[in-house]
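> Any chance you could fold what I've pasted below:
(one chain, ligands or ions: 1)
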Amino acid sequence: MREQRTTCDVCDVVKREVNHWWVVGLFDETCNGRNVTRLIISSYDETPTPTTRSAKDACGEKCVHVLVSRWMATGSLEEKVQEVKSQ
Ligand SMILES: [Zn+2]
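Numbers count the residues shown, from 1 in each chain. Coordinates of the predicted model:
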């Protein structure tokens with residue numbers, strides 16, 4: 001069975017076998033009666049918890065930084081401005 005092609009959600013590089021990749025995702029939980037969102041960073045080989053949402057694949061430290069900065073600034077892992085590409 002062929003593995004699905006994985007690309008970095010930040011820089012679009014294609015994953016190869018020996019790369020050290022990361023998964024960055026969000027995890028909701030209740031803390032002191034409030035709903036809070038935690039940022040979870042796990043190594044690619046570890047299966048993310050089922051409750052993790054918006055999981056992104058990152059090819060390395062640099063791209064993990066981008067995702068962390070994005071989350072700290074916007075509370076989301078999505079790119080702030082979604083460009084409408086005219087084709
Ligand atoms: Zn990348």
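
> CA atoms for contacts and neighbours, from now on please.
Will do.

> among the helices and strands of this structure, which has the poorest mean pLDDT?
Ranked by mean pLDDT, DSSP states H and E, the weakest helix or strand in the chain is strand 53-58, scoring a mean of 88.

> Using PDB, write out the CA atom coordinates for it.
Listed next in PDB are the C-alpha coordinates belonging to strand 53-58 (Å, rounded to 0.1, in the frame of the first residue of the first chain):
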ATOM      1  CA  ARG A  53      -8.400  19.600  16.100                       C
ATOM      2  CA  SER A  54      -7.000  21.800  13.300                       C
ATOM      3  CA  ALA A  55      -3.900  19.600  13.200                       C
ATOM      4  CA  LYS A  56      -1.200  20.900  10.900                       C
ATOM      5  CA  ASP A  57       1.900  19.200   9.600                       C
ATOM      6  CA  ALA A  58       5.100  21.100  10.000                       C
END
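
> and it, how far out from the chain's middle?
3 Å (C-alpha atoms, centre = their mean, to the nearest Å).

> in its sheet, what does that strand sit against?
Counting by DSSP bridges, the strands paired with strand 53-58 are strand 22-31 (antiparallel).

> center of this protein, which residue is that?
For the chain, the residue sitting closest to the mean C-alpha position, by C-alpha atoms, centre = their mean, is residue 56 at 2.4 Å.

> Who does the residue nearest to that one when sequence neighbours are not counted form a beta bridge with?
Distance criterion C-alpha to C-alpha, 6 or more residues apart in numbering; nearest residue to residue 56, sequence neighbours excluded, is residue 24 at 5.2 Å. Going by DSSP bridges, residue 24 is paired in beta bridges with residue 41, residue 56.

> Can you report how many residues lie near residue 24?
For residue 24, the count of nearby residues is 25 (other C-alpha atoms under 10 Å).
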